[in-house]
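Novice: based on what follows, work out the 3D shape:
(3 chains)
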Amino acid sequence: MTTSKQEPNDFFRRVWDVVAQIPRGKVTTYGHIARSLGVGSAARTVGWALKAAAETPLPCHRVVNRFGALSGRMHFGGPHIMEDLLRSEGVAFTDDGCVDLGAHLWVPGEAERT
DNA sequence: ATGTTGACATTGA
DNA sequence: TTCAATGCCAACA
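Specialist: Numbers count the residues shown, from 1 in each chain, chains lettered A, B, ... in the order given. Sure, this is the predicted structure:
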């Protein structure tokens, strides 16, 4: 008790849980994560969770916006960090500098299919 | 304490 | 078809 409730609410934890399940070389989008959580519209909050996840061991660099653009690359401590990380994992980029979702888009739940 | 912003997405007109 | 408004949750001013 006491007070301490420093840990974030379940929402953040759920987002982190999904992000932690993203396989290497794959990427997912905020909307798919939000949908997997059951909210579907809280994509913005998912972004917040990722920002918090920036200080966690979660592969937040595998999460991009719906266009496959590395929206949060600026929060990694370096604008090229995210891109370099994804490339290092075997992710392909388009001429637009976005991730090839058509080749690396991973959806939560599809992998849980026992 | 309240209001606004923010790593977005979806729906409505 | 394209443009605008709304929804969600948390942190910051």
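Novice: gap between A:Gly90 and A:Ala49?
Specialist: For A:Gly90, the distance to A:Ala49 equals 25 Å [C-beta to C-beta, to the nearest Å]. Every C-beta, even on glycine, is put in place using the N, C-alpha and C of the backbone.
Novice: give me the pLDDT for the closest residue to DNA strand B within chain A.
Specialist: Residue of chain A nearest DNA strand B, by C-beta to the nearest atom of the strand: A:Gly72 (1.8 Å). Note on A:Gly72: pLDDT of 93.
Novice: sorry, back to before: and A:Gly90 and A:Ala49? Which one has more around it.
Specialist: The neighbour count for A:Gly90 versus A:Ala49, taken as other C-beta atoms under 10 Å, is higher for A:Ala49 (29 against 10).
Novice: mind listing the strands for chain A?
Specialist: Assigned by DSSP state E, chain A shows strands spanning A:28-29, A:63-64.
Novice: so what strands line up beside the first one?
Specialist: Within its sheet, strand A:28-29 is paired with strand A:63-64 (parallel), according to DSSP bridges.
Novice: give me the beta-bridge partners of the residue nearest to the spatial centre of chain A?
Specialist: A centroid search over chain A (C-alpha atoms, centre = their mean) returns A:Val63, at 2.7 Å, as the residue closest to the centre. Listed by DSSP bridges, the beta-bridge partners for A:Val63 are A:Thr28.
Novice: shouldn't it be in contact with A:Thr28?
Specialist: Yes. Look at A:Val63 against A:Thr28 with C-beta atoms under 8 Å: they come within range, at 5.8 Å.
Novice: residues that sit against both of the two, list them.
Specialist: Residues touching both A:Val63 and A:Thr28 by C-beta atoms under 8 Å, 6 or more residues apart in numbering: A:Val19, A:Ile22.
Novice: residues in contact with the nearest residue to A:Gly72 once chain neighbours are set aside?
Specialist: With sequence-adjacent residues excluded and distances taken as C-beta to C-beta, 6 or more residues apart in numbering, A:Gly72 is closest to A:Leu50, at 6.2 Å. If you count contacts by C-beta under 8 Å, 6+ apart, A:Leu50 has them with A:Val15, A:Val19, A:Tyr30, A:Leu58, A:Cys60, A:Val63, A:Gly72.
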